[in-house]
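Novice: dropping the sequence and predicted coords here.
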Amino acid sequence: MKNNIVLERVTLSLITHKHAPALWAVLNEPDVAQYNDYNLPQSRDDIKLLIQNDLAAYYEGTGVRFAILHNQDNSFMGSVGLYDVSNNQAWLGFELAKSFWQQGYMNEVLQHLLTIKTVQVLFPQTVTSIMARVENENTRSVKLLSNLGFKQYQDSIWLYSINNLI
């Protein structure tokens with residue numbers, strides 16, 4: 001993806017190795033890591049491999065991870081992505097540095113990312129549902145997903161139907 005996705009307050013840019021130090025810092029923040037499914041602590045080599053796998057998935061058409069960059073100073077805020085795209089579904093993952101929590105940034109990002117136009121541009125194959133794994137104790141993420149139209153599917157699995165996309 002050559003063009004960034006510029007939103008009101010943030011820009012989504014395909015994750016690259018230049019984002020590795022900032023992603024490493026965010027993923028190792030204790031409050032961010034608390035509900036993440038990455039083994040801790042994440043080493044710098046772990047992050048390099050993570051980004052390499054994300055880039056491979058992008059070029060294979062099975063996933064994409066974006067760096068979330070603040071429009072005012074281009075600072076790295078976190079990342080968001082769709083991954084394991086297969087069988088008409090994709091999985092959603094996201095993390096945001098704690099200093100940006102409760103300011104509506106991730107809501108802004110996901111409202112755009114979950115539009116049918118964006119999903120179809122990213123993945124021309126048919127995607128009919130988007131899944132997210134979020135622990136019930138992660139009340140901020142549960143509230144965010146609920147407000148966006150996700151429905152709890154199983155204990156920690158949330159489902160967003162393509163029919164919700166507008």
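Specialist: Yes, it's here.
Novice: show me the contacts for Gln152.
Specialist: By C-beta atoms under 8 Å, 6 or more residues apart in numbering, the contact list for Gln152 reads Trp158, Leu159. Using the backbone N, CA and C atoms, a C-beta is placed for each residue, glycine as well.
Novice: same check on Asn147?
Specialist: Under the contact definition (C-beta under 8 Å, 6+ apart), the residues listed for Asn147 are Asn107.
Novice: what's the answer for the one 10 residues further on, then?
Specialist: Ile157 makes contact with Met131, Ala132, Arg133 under the criterion C-beta under 8 Å, 6+ apart.
Novice: the second one against Leu148, yeah?
Specialist: Right, the one you point to is Ala132. No: the pair Ala132 / Leu148 is not scored as a contact, 9.6 Å apart, by C-beta atoms under 8 Å.
Novice: any shared contact partners between those two?
Specialist: Between them, Ala132 and Leu148 have Tyr160 as joint contacts when contacts are counted by C-beta under 8 Å, 6+ apart.
Novice: between those two, who's got more neighbours?
Specialist: Per other C-beta atoms under 10 Å, whichever of Ala132 and Leu148 has more neighbours is Ala132, with 22 against 19.
Novice: now the strands: where do they sit in the protein?
Specialist: Assigned by DSSP state E, the strands in the chain fall at 5-6, 10-14, 64-70, 76-86, 89-96, 129-133, 151-152, 157-161.
Novice: now pLDDT and distance to Gln34 too, for the contacts of Ile157, in JSON lines please.
Specialist: Shown next, in JSON lines, are the contacts of Ile157 (pLDDT from 0 to 100; distance: C-beta to C-beta, whole Å):
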{"residue": "Met131", "pLDDT": "96", "distance to Gln34": "21"}
{"residue": "Ala132", "pLDDT": "97", "distance to Gln34": "16"}
{"residue": "Arg133", "pLDDT": "96", "distance to Gln34": "14"}
